[in-house]
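>>> Sequence isn't available, so here's the structure alone:
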């Protein structure tokens, strides 16, 4: 039984390595302290939804709750809850090959900063965005309006004023 469980984990990791997105998303959020939200994300999109249900079943066995959304020509499975992302990636980490580096960045750099609240100050947000950009680079995410440079320019006057008064 344990061997079967390990094989299932290796299978899921192979699917994740073979065509998923492990990244961090940033968007405008009025209720967030600085007006922007940062969230880790794991997603898979397939035309054949059967594999997504296999992934979802395995994730649920590990206490992880993904969301399945049917699109017009495909189906998407997504994780965005911090703890679910952590649990999912930690369970897969021994088996990941292609996405090993990006999983490590999420687990060792992004999640600890989000949990510590580092991103709740402008300076801390910029520090966290540095890791968001690394994750996106590692994951080859090309479309990104909000990167560290965007926020450096947005908050340039406030940050330079604070630094000059120190």
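Perfect, thanks for sending it. Please read these numbers as outputs of a predicted model, since none were measured by experiment.
>>> backbone phi and psi for residue 53, please?
The phi/psi pair for residue 53 (degrees, to the nearest 10) reads phi -70, psi -30.
>>> what about it, distance to residue 8?
Taking C-beta to C-beta, to the nearest Å as the measure, residue 53 falls 13 Å from residue 8. Backbone N, C-alpha and C define where each C-beta goes, glycine included.
>>> same question, residue 21
Residue 21 is 21 Å from residue 8, where distance means C-beta to C-beta.
>>> per-residue pLDDT, residue 4?
pLDDT, residue 4: 58.
>>> just the one 10 residues further on next, same as before
According to the model's per-residue confidence, residue 14 sits at a pLDDT of 94.
>>> Any regions of this protein where pLDDT drops low?
By pLDDT under 70, the weakly predicted segments of the chain are 1-6, 143, 161-166.
>>> Quick check, central residue of the protein?
residue 40 (2.5 Å; C-alpha atoms, centre = their mean).
>>> Am I right that it sits in a strand?
Yes - looking at residue 40 with DSSP: H, G, I helix; E, B strand; the rest coil, it is inside a strand.
>>> I'd like to know how far it sits from residue 70.
Following C-beta to C-beta, the distance that separates residue 40 from residue 70 is 23 Å.
>>> again, but for residue 15
19 Å.
>>> Neighbour count: residue 21 and residue 8, which is higher?
More crowded of residue 21 and residue 8, by other C-beta atoms under 10 Å: residue 21, with 19 against 14.
>>> tell me the secondary structure for the more buried one?
strand.
>>> The chain should start at 43 in everything you say after this.
New numbering, starting at 43: the last item is residue 63.
>>> In contact with it: list those residues for me.
83, 84, 85, 86, 181, 183 (C-beta atoms under 8 Å, 6 or more residues apart in numbering).
>>> can you pull up the bridge partners for it?
residue 85 (DSSP bridges).
>>> With residue 109 instead?
Here residue 109, judged by DSSP bridges, has bridge partners residue 120.
>>> So what's the residue count around it?
13.
>>> Show me what counts as buried in stretch 76-83.
76, 78, 79, 80, 81, 82, 83 (16 or more other C-beta atoms under 10 Å).
>>> looking at it, the residue nearest to the centre of the chain is touching residue 126, isn't it?
No - Residue 82 is beyond contact range of residue 126, at 9.3 Å (criterion: C-beta atoms under 8 Å).
>>> how about the strands of the protein, start to end?
62-70, 78-88, 109-112, 117-121 (DSSP state E).
>>> and the third one, what other elements does it pack with?
The one in question is strand 109-112. Judged by 3 or more C-beta pairs under 8 Å, 6 or more residues apart in numbering; DSSP states H and E, strand 109-112 is in contact with helix 92-103, strand 117-121.
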